[in-house]
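Asks: need coordinates for the following:
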Amino acid sequence: MSHLLTGFFIETVFSLQTALDLSAPATDAILINRKNAWIQLAGHPGSFAPAGPHTIWKKRMAKENYELKAYQSLMDSPTTQDIIPEFHREVEHNGEYFIEIEDLLQHFKDPNIMDIKMGKRTFLESEVKNPVLRKDLYQKMIDLNPNAPTEEERKQEAITKLRYMQFREEGSSTATLGFRIEAVKKSGEAPITSLKKIKHKSQVKKACVNFLLIEHCMVLPWGILVLKGQKKVEKTHLIPMLLQIIGSSLLIMYDESGHCGVWLIDFAKTIPVENGMILYHNLPWLLGNHEDGFLSGLDNLIDVRIFCHSCK
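Replies: Numbers count the residues shown, from 1 in each chain. Below you'll find the predicted structure:
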């Protein structure tokens, strides 16, 4: 699971209090003892490892540790500190660097999990600034959809990386709704990772209804979000206006005992904008303005208006 979960601007669903023994290293014994309970639905394989009894390590994937800085910033903000995994420290181990954060799985027993990738783009502007036309990306495009290239692109038999990345976003609900369902795991079942290709709101709603279909009515985070979130919280205070939020997820979990929660996670591409530029997180993106569409996706996610079947 992208597992560092994901959270919203909603009021805290329940209090997460975790005691951590910072002297406890990640050992093979801990890994063995916890491997059967370990779940990773999305993200780079091998990025996560159990650490202490209640924490995980997440590997730094880039030279610049934007995720560390993002956690430090979000933990210092009263509007976000309760909706992200608790951050503990940065760790150096065998020449590699990790951040140690709260293991949210500890609060659940065989939970139902949904990972939702937020925003209208999942790539950084720095990744797509190169205007060079590439034949390899054109080939990848036609392998996925032979009808996708324009007439001009067919003549050139090449496209830019920006064109390819936008084409990939258009293959899911990312481009239209500002979010996509990255993965789902129902209790006792194997993970489903094929939902990221669904595009239309009706398809998304069907997937969400299936995820939230339970025998006993519970106060699920989705219902709380719809009822309280947009009305009681000024959204522009939720997401820092000096940070672009790219590739972050909302992780929703609940189990049969009635525990449920939503957290905001994954900040490897959450980076400051240059020269104090202000972001609104809901404006159309143009190369250079750094807008990410996070709040646009949040509005559309709320608009899906999912409740458990007996709470309509």
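
Asks: can you map out the strands along the chain?
Replies: 48-50, 55-59, 87-93, 96-102, 112-118, 179-185, 243-244, 249-254, 260-265, 271-272 (DSSP state E).

Asks: list the neighbouring strands of the fifth one plus their orientation.
Replies: It stands for strand 112-118. Using DSSP bridges, the strands paired with strand 112-118 are strand 179-185 (antiparallel), strand 249-254 (antiparallel).

Asks: just to revisit the earlier point, of the strands of the chain, which is nearest residue 160?
Replies: strand 243-244 (20.7 Å; CB to CB). The way it works is simple: take the backbone N, C-alpha and C, and place the C-beta from them, glycine included.

Asks: where exactly do the helices run in the stretch 201-312 of the chain?
Replies: 201-212, 221-224, 230-232, 294-303 (DSSP state H, counting those that start in this stretch).

Asks: no, scratch that, I was asking about the stretch 1-150 of the chain
Replies: Using DSSP H, counting those that start in this stretch, helices in the stretch 1-150 of the chain cover 28-34, 66-75, 135-144.

Asks: pLDDT (mean, whole number) over the second one?
Replies: Looking back up the chat, that one is helix 66-75. Average pLDDT, helix 66-75: 87.

Asks: and what of stretch 280-293?
Replies: On average, stretch 280-293 scores 92.

Asks: quick one: buried residues of that stretch?
Replies: Neighbour-count burial for stretch 280-293 flags 281, 282, 285, 290, 291, 292, 293 (criterion: 16 or more other CB atoms under 10 Å).

Asks: columns distance to residue 148 on top of those residues, output as CSV?
Replies: Output for the buried residues of stretch 280-293, formatted as CSV (distance: CB to CB, whole Å):
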residue, distance to residue 148
281, 28
282, 27
285, 20
290, 26
291, 24
292, 24
293, 22
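
Asks: do you know which of the helices of the stretch 201-312 of the chain lies nearest residue 260?
Replies: Judging the helices of the stretch 201-312 of the chain by CB to CB, what sits closest to residue 260 is helix 221-224, at 5.7 Å.

Asks: sorry, back to before: winner for burial among the strands paired with strand 112-118?
Replies: Mean neighbour count (mean count of other CB atoms under 10 Å) peaks for strand 249-254 among those, with a mean of 27.

Asks: now that one against helix 201-212, angle please.
Replies: If you take axes from the mean of the first three to the mean of the last three CA atoms, to 10 degrees, strand 249-254 sits at 40 degrees to helix 201-212.

Asks: strand 249-254 versus strand 260-265: what angle between them?
Replies: Going by the same axes, to 10 degrees, strand 249-254 makes 160 degrees with strand 260-265.

Asks: from the chain's centroid, how far away is strand 249-254?
Replies: Mean-position distance between strand 249-254 and its chain equals 9 Å (CA atoms, centre = their mean, to the nearest Å).

Asks: can you state the direction angle for it and helix 294-303?
Replies: 30 degrees.

Asks: dump strand 249-254 to CSV, restricted to CA.
Replies: The C-alpha coordinates for strand 249-254 follow below in CSV (Å, rounded to 0.1, in the frame of the first residue of the first chain):
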residue,chain,number,x,y,z
SER,A,249,-1.9,10.2,-2.0
LEU,A,250,-4.9,9.9,0.3
LEU,A,251,-5.0,6.6,2.1
ILE,A,252,-8.4,5.4,3.5
MET,A,253,-8.6,2.5,5.8
TYR,A,254,-11.2,0.8,8.0
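
Asks: least confident secondary structure element in the chain?
Replies: Least confident element among the helices and strands of the chain, by mean pLDDT, DSSP states H and E: helix 28-34 (a mean of 36).

Asks: can you lay out the strands of the chain as JSON lines showing distance to residue 131 and mean pLDDT?
Replies: Output for the strands of the chain, formatted as JSON lines (distance: least, CB to CB, whole Å; pLDDT from 0 to 100):
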{"stretch": "strand 48-50", "distance to residue 131": "36", "mean pLDDT": "74"}
{"stretch": "strand 55-59", "distance to residue 131": "32", "mean pLDDT": "87"}
{"stretch": "strand 87-93", "distance to residue 131": "36", "mean pLDDT": "87"}
{"stretch": "strand 96-102", "distance to residue 131": "33", "mean pLDDT": "88"}
{"stretch": "strand 112-118", "distance to residue 131": "27", "mean pLDDT": "90"}
{"stretch": "strand 179-185", "distance to residue 131": "27", "mean pLDDT": "92"}
{"stretch": "strand 243-244", "distance to residue 131": "21", "mean pLDDT": "88"}
{"stretch": "strand 249-254", "distance to residue 131": "30", "mean pLDDT": "86"}
{"stretch": "strand 260-265", "distance to residue 131": "33", "mean pLDDT": "83"}
{"stretch": "strand 271-272", "distance to residue 131": "22", "mean pLDDT": "87"}
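
Asks: wait, which of the ones you listed is closest to residue 67?
Replies: strand 96-102 (6.1 Å).
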